[in-house]
Each structure stands twice: as C-alpha cells, then as structure tokens.
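[1] Based on what follows, work out the 3D shape:
(chains A and B)
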Amino acid sequence: MGRITNNIKTLRFLNGEMTQKDLAKRVGVTRQTILAIENDKYSPSLEVAFKIALIFDVPLEEVFTYEADETD
Amino acid sequence: MDEMSFKEKTITVTLINFSLILIYVLWRLRRMLATDTFVAERIFNLWGWVIFFAVVVSIIAIILANFGLTLLKAINENNPNPEIDDFEDERDQLIDLRGTRITYSFYSFGVLIAMLTFVLGQSALVMFTVLMVVGLVAQIAGDVTRLVLYRRGF
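    Numbering: from 1, shown residues only, chains lettered A, B, ... in the order given. Have a look, this model is predicted:
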C-alpha cells in the first residue's frame, strides 16, 4: 500500500491563516479529524477530500499526493 | 496531548466504567469461590448488578463527565457557551466499527471457551459466569482499540 500525504496545513496558512476549527466546520467534520488528516494519521473519504479541495479552490491533487510503494 | 473529542471522552468514561465493573465482578467471584458460595442465586444477583452498572451507571457517568468537562472548558476559555464537537463524523464511525469488530471477535472466542467449559463437564453456572466475564472483557477490548485508533491513527 502507498501513502497519502497532504498540504492542508500550508493551504490553510495561504487562505488567511484559516484555523483547523474553521476548516472542520466548513467540511462538516470534527477538528480532531482535520488534525488527524494533517498529520497523515487518517485518509479521508473522497467526499471529504473533494470538499477540502473545493474550500481551498484548488484541484484535488494539489491537496493530496499519493506516494506509491516500490511494490505497487 | 491534543484535546479529546466528544466521542473519545465518552469512550474513556465507558472504558473506566467497564474496567471497574470487571474488577468488581472478579473480586466478587473470588470471594464466592473462597467462601464456597458459588451458587445460582448469587451469580444471578451479580449479573443483575453488572447490567445495572453497565447500562444505568454508564449513562449517568457519560452525562456527568461531559457536563463537568464542558463546565471546565467554559471556565478555562471564559466563555459561557463553549463550542463542542458533539457529533459523529466519518472517522468516528469508522473507528467505532473497528472497535465493534474487536468486541465481537473477543466475544465469539469467549463464547467458544464458555461452551468448552460445559463440554468439559463444568456446570451451566460456570458457563454463564464465563459468558458474563467475557462480555465485559470484550467491551473493554473494543474500547481500548477505539482509543488506540484515535491516538495512533490508521
């Protein structure tokens, strides 16, 4: 299995230093979930991933990156 | 350590409650065996207390813990209406599912052991007692799994 990383922390900073709480509210998840996603401890559903990309007004691949394993 | 979510707090309270119930049950069983009073009447009485503690006390403990923690947050933030994430999102549901799977696995294994005691010639009372203890252990294992998943991620 590969690994999914993200730029949410950077994107939050670039979007008026948006807080995790604000982002969580707009996405419809808890702040702890945003924190877990930022720390690569949780891979969100496609719906949540697209919502995050829409909020930052960037394509999905600018938010999330898939790093494939050598075996993939 | 990061602030716990509403769900994590609820699971922690349930875990403490069920751990205390398990300790109480094991202590009562030990006393029954020591005083040779391991009889149906006492076991069913103990089972009644387990159900009472598991259902009623759990609900009261969760309400009190959340009330107390909200009050503490309001005092700390100096805000009479602190914001609380008291809803379940997809991550909470996924973690809950994994915890439930562990609970069921433990309980299934426990039921097998309980039936084995019966097959090996123990009384139905022993089988019932094993089922009761295994039920508690399964619940604790599920809650521990949930807390680990919340902290470690997956």
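
[2] How about the residue in chain A positioned nearest to chain B, nearest residue that isn't a chain neighbour?
    The nearest approach of chain A to chain B comes at residue A:41, 2.3 Å away (CB to the nearest CB). Just so you know, the C-beta spots here come from the backbone N, C-alpha and C atoms, and that holds for glycine as well. Take residue A:41 and drop its neighbours on the chain: the residue closest to it by CB to CB, 6 or more residues apart in numbering or on different chains is residue B:153, 2.3 Å away.

[3] residue contacts, the one you found?
    A:36, A:39, A:40, A:41, A:42 (CB atoms under 8 Å, 6 or more residues apart in numbering or on different chains).

[4] Pull the number of nearby residues for the second one.
    Which is residue A:39. Look at residue A:39: counted by other CB atoms under 10 Å in any protein chain shown, it has 13 neighbours.

[5] Quick check: nearest residue in space to it, chain neighbours excluded?
    In space, and not counting its chain neighbours, residue A:39 is closest to residue B:153: 6.9 Å by CB to CB, 6+ apart.

[6] mind listing what the residue of chain A closest to chain B touches?
    Contacts for residue A:41 (CB under 8 Å, 6+ apart) come out as B:152, B:153, B:154.

[7] any idea how far chain A is from the most centrally placed residue in chain B?
    Using CA atoms, centre = their mean, the residue of chain B that lies closest to the mean C-alpha position is residue B:18, 3.5 Å off. According to CB to the nearest CB, to the nearest Å, residue B:18 stands 23 Å off from chain A.

[8] can you pull out the helices in chain A?
    For chain A, helices defined by DSSP state H occupy the ranges A:8-14, A:20-27, A:31-38, A:46-56, A:60-63.
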